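1. Kindly generate the corresponding structure for this input.
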Amino acid sequence: MSRELRVLGIEGTAWAASAAVYDCATDSTFIESDAYQPESGGIHPREAAEHMHDAIPRVVERALAYARELATDDPSTDAPVDAVAFSRGPGLGPCLRIVATAARALAQTLSVPLVGVNHMVAHLEIGRHAADFDDPVCLNASGANAHLLAYRNGRYRVLGETMDTGVGNAIDKFTRHVGWSHPGGPKVEAAATDGEYVELPYVVKGMDFSFSGIMSAAKAAYDDGTPIEDVCFSLQETIFAMLTEVSERALSLTGSDELVLGGGVGQNVRLREMLATMCDERDAAFFAPESTFLRDNAGMIAVLGAKMYEAGQTLPIEQSRVDPDFRPDEVDVTWRQGDGRPSSEPEPAERVVDGAEAVVTVDREAGRVTKRRVAKPYRHPALDERLRRERTAIEARLTSQARRVGVPTPVIADVDPYAGTIEFEFVGERDLRDGLTVDRVRDVGRHLAAIHDAGFVHGDPTTRNVRVDGDAEVGEITSDRTSLIDFGLGYHTDHVEDYAMDLHVFDQSLVGTASEPEPLREAFLEAYRAAGSETVLDRLREVEGRGRYVGG
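-> Residues are numbered from 1 along each chain as shown. Reported below is the predicted structural model:
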């Protein structure tokens, strides 16, 4: 970026009225914030908007005063800043409109361009900027949000997300139940230091996850007399293990070796510890910004605003309406180069693969694969042992059941749930990720329809969990060459929502790994429609239409 560039950013998606000035010459950021603190419960939209109305002028004036001080040393400029950036969404509509009004007025007064920033992309970009990472996966863990993002073909794609509520809001629901004031996260973290582990639900579906069940169970445990410190300890151990597991899955799917953390929940020491441990085990780099940039703040808006301004991505006043449901995958990322394509290399005859969940030893000549679910140091030992044992048994059982309904899968030779090991037949020349064709994704659509008709789901049908034969450039592939593997997250169910989530997980993996995903997505759904249930596809449209990005 230009060494002389200065950008003023304004943030106000939900609770933090904030203004900042980013100075490219020194790569420094001045931030002034005034946070809304509800007297009880969570955020009240009307009260939050009233706070924004009162606080935004004050924080903006302080930031402008700082910018004017910088401008006195630069006689070549007519304005203290070169652009005004504002958080355009996602967030609470009344708060966003107040911020946008202030940004428009300021841009017109100073005669400088306006930049509309996606709040969640800003969380990612501030981490990438500060860490100087090239192509990281980002875990956004904030009050109203929880999702995984990775760059692909000019946009940040959603690889996984919460199926119900944001991680911070989920924790706050528990703390309100026990009578603690907002915010609940720091109070849970403090109480957890003296707790012991008790079992709570653990819900991961591919790279998606759910918090509703664990919150209900935590409330019930507290009501039944479980010590509050034990519930808090177990909440952290379970929720953060889920987030760490899906982050590792995202690294494995994309081939990235960089992870950044964003969002206010990222201030939790235990979450950062788990993510750092996981990345160390994978030889991946992990970065969490300082707390100032993890919380909602205008500094990240100003930094991303500067990148967008330099790329010419400014916003005419008449097109600057806010969007409370502004998804990060709707943003054209013009300030980055490349397509984020995962690397693809020929597979050797013998190899050891360190996957997201297990170490897989492949012997092509013997036609044998040995999979061993290794202990995850970031997880509590009791939770880790339970997951490895259960998933090993489930994988063996559902792999065999899928074969019985005509879906190509490896033949199981041996299984030991207590050791976490499975030995099975070697199938496929490569992962589907490295050999994507229309015919192959059609095969996957038919295979998922078959197992759904049999009453179970795969649980993690990504392009890394499908094996294919033949040359990656050849499109004429038959069903017996496209095999499903890794059923460890599968389960028996008769719920339409579960079947739709299976399709959603595969669709997300196509978007995250394919150079041109749209024809593949269409072929996949057409094949499922021909062999499966239209009711499931109707539910899939509902799943995809749910607005989960509703604030910072």
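2. any low-confidence regions in the stretch 251-400 of the chain?
-> 338-354 (pLDDT under 70).
3. Let me see the ranges of the strands in it.
-> For the stretch 251-400 of the chain, the strands defined by DSSP state E, counting those that start in this stretch occupy 258-262, 285-287, 350-354, 358-363, 368-373.
4. Compare the ones you listed and report which one is nearest to Ala83.
-> The closest of these to Ala83 is strand 258-262. By C-beta to C-beta, the value is 22.6 Å. Where you see a C-beta, it was placed from the backbone N, CA and C, and this is true even at glycine.
5. And the contacts of that closest one?
-> The contact list for strand 258-262, computed with C-beta atoms under 8 Å, 6 or more residues apart in numbering, reads 120, 123-124, 126-128, 131, 133-142, 247, 251, 271-272, 275, 279, 284-289, 294.
6. per-domain residue ranges of this protein.
-> 6-128+294-328, 131-291, 350-425, 430-545 (automatic domain parsing).
7. Pipe those into TSV and attach mean neighbour count and distance to Arg336 per row.
-> Formatted as TSV, the domains of the chain follow (neighbours: other C-beta atoms under 10 Å; distance: least, C-beta to C-beta, whole Å):
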stretch	mean neighbour count	distance to Arg336
domain 6-128+294-328	21	9
domain 131-291	21	6
domain 350-425	17	25
domain 430-545	20	16
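8. Same list, those domains, but as TSV with distance to Thr334 please.
-> As requested, those are exported to TSV (distance: least, C-beta to C-beta, whole Å):
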stretch	distance to Thr334
domain 6-128+294-328	4
domain 131-291	8
domain 350-425	31
domain 430-545	18
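9. that older thread, looking at the strands of the stretch 251-400 of the chain, which is closest to Arg68?
-> Of those, nearest to Arg68 by C-beta to C-beta is strand 258-262, at 30.6 Å.
10. List the strands paired with that closest one, with their directions.
-> Paired strands of strand 258-262, with direction, are strand 137-141 (parallel), strand 285-287 (parallel) (DSSP bridges).
11. got those strands as TSV, with distance to Phe30 columns?
-> As requested, those are exported to TSV (distance: least, C-beta to C-beta, whole Å):
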stretch	distance to Phe30
strand 137-141	24
strand 285-287	22
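12. Out of those, which gets nearest to Ser533?
-> Nearest of the strands paired with strand 258-262 (C-beta to C-beta): strand 137-141, 33.0 Å.
13. what does that closest one rub up against?
-> 120, 123-124, 127-128, 146-150, 156, 159, 167-168, 243, 246-247, 250-251, 254, 256, 258-266, 271, 275.
14. chain center to that strand, what's the gap?
-> Centre-to-centre, strand 137-141 and its host chain are 5 Å apart (C-alpha atoms, centre = their mean, to the nearest Å).
15. Report the contact partners of Asp453.
-> Val405, Gly532, Ser533.
16. Mind picking the lowest-pLDDT entry from these?
-> Minimum pLDDT across these is recorded for Gly532, with 85.
17. wouldn't that one be in contact with Val444 here?
-> No - judged on C-beta atoms under 8 Å, Gly532 makes no contact with Val444 at a distance of 11.7 Å.
18. Now the spatially most central residue of the chain: which helix or strand?
-> The centroid of the chain falls nearest to Leu148 when counting by C-alpha atoms, centre = their mean (1.3 Å). Taking DSSP states H and E as the definition, one finds Leu148 inside strand 146-152.
19. same deal with Ser483?
-> Per DSSP H and E: strand 482-484 holds Ser483.
20. what's that strand in contact with?
-> For strand 482-484, using C-beta under 8 Å, 6+ apart, the contacting residues are 402, 407-410, 427-428, 432, 440, 443-444, 447, 451, 458, 461, 465-469.
21. which element follows that strand toward the C-terminus?
-> strand 491-492.
22. Name every strand pairing with the strand holding Leu148 and say which way it goes.
-> Counting by DSSP bridges, strand 146-152 is paired with strand 137-141 (antiparallel), strand 155-161 (antiparallel).
23. could I get these as a markdown table with mean pLDDT?
-> Formatted as a markdown table, the strands paired with strand 146-152 follow (pLDDT from 0 to 100):
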| stretch | mean pLDDT |
| --- | --- |
| strand 137-141 | 94 |
| strand 155-161 | 91 |
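24. in the chain, which ranges drop under the pLDDT threshold?
-> 1-3, 38-42, 73-78, 338-354, 471-480, 546-552.
25. ok, Phe30 touching Tyr66?
-> Yes - between Phe30 and Tyr66 there is a contact under C-beta under 8 Å: 4.7 Å.
26. Give me the common contacts of the two.
-> Taking C-beta under 8 Å, 6+ apart as the contact rule, Phe30 and Tyr66 both touch Val21.
27. Could you pull up phi and psi at the closest residue to Asn465 other than its chain neighbours?
-> Counting by C-beta to C-beta, 6 or more residues apart in numbering, Asp486 is the residue found nearest to Asn465 once chain neighbours are left out, at 4.3 Å. Asp486 has phi and psi values of phi 60, psi 70 when expressed as degrees, to the nearest 10.
28. State the distance from Asp486 to Leu259.
-> For Asp486, the distance to Leu259 equals 22 Å [C-beta to C-beta, to the nearest Å].
29. now the strands of the stretch 251-400 of the chain in a markdown table, with distance to Ile228?
-> Listed next are the strands of the stretch 251-400 of the chain as a markdown table, based on distance: least, C-beta to C-beta, whole Å:
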| stretch | distance to Ile228 |
| --- | --- |
| strand 258-262 | 27 |
| strand 285-287 | 31 |
| strand 350-354 | 38 |
| strand 358-363 | 36 |
| strand 368-373 | 33 |
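30. Could you tell me which of the contacts of strand 258-262 belong to helices?
-> Taking DSSP state H as the definition of helices, those contribute 120, 123-124, 126-128, 131, 247, 251, 271-272, 275, 279, 294.
31. name the helices or strands packed onto the helix or strand hosting Val543?
-> Assigned by DSSP H and E, Val543 belongs to helix 534-545. Helices and strands touching helix 534-545, by 3 or more C-beta pairs under 8 Å, 6 or more residues apart in numbering; DSSP states H and E, are helix 496-513, helix 517-531.
32. nearest to Gln37, of the ones you listed?
-> Per C-beta to C-beta, nearest to Gln37 of those: helix 496-513, 36.3 Å.
33. and the direction of that closest one versus that of helix 534-545, what angle?
-> With axes from the mean of the first three to the mean of the last three C-alpha atoms, to 10 degrees as the basis, helix 496-513 and helix 534-545 are set at 60 degrees to each other.
34. the inter-axis angle of helix 496-513 versus helix 517-531?
-> 150 degrees.
35. Which strands or helices does helix 496-513 pack on?
-> strand 146-152, strand 155-161, strand 208-209, helix 228-254, helix 438-453, strand 456-457, helix 517-531, helix 534-545.
36. Does the residue nearest to Asn465 touch Arg467 like I think?
-> No - in this structure Asp486 lies outside contact range of Arg467 using C-beta under 8 Å: 9.6 Å.
37. returning to that earlier point: which ones among the contacts of strand 482-484 lie within strands?
-> Using DSSP state E, the subset of those located in strands is Val466, Arg467, Val468.
38. just to revisit the earlier point, for Leu436, find the nearest of the strands paired with strand 258-262.
-> When the strands paired with strand 258-262 are compared (using C-beta to C-beta), the closest one is strand 137-141, at 19.9 Å.
39. just the angle between the closest one and helix 119-131, please?
-> Interaxial angle of strand 137-141 relative to helix 119-131 (the same axes, to 10 degrees): 120 degrees.
40. Now do strand 137-141 against helix 228-254, angle only.
-> Using the same axes, to 10 degrees, strand 137-141 lies at 150 degrees relative to helix 228-254.
41. quick revisit: same list (the helices and strands packed on helix 534-545) but as CSV, adding distance to Leu387.
-> CSV is the format used below for these (distance: least, C-beta to C-beta, whole Å):
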stretch, distance to Leu387
helix 496-513, 18
helix 517-531, 29
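42. so which of these gets nearest Gly225?
-> Once the helices and strands packed on helix 534-545 are compared by C-beta to C-beta, helix 496-513 is nearest, at 33.0 Å.
43. is it true that Asp384 touches Ala375?
-> Yes - with contacts counted by C-beta under 8 Å, Asp384 reaches Ala375, the gap being 5.7 Å.
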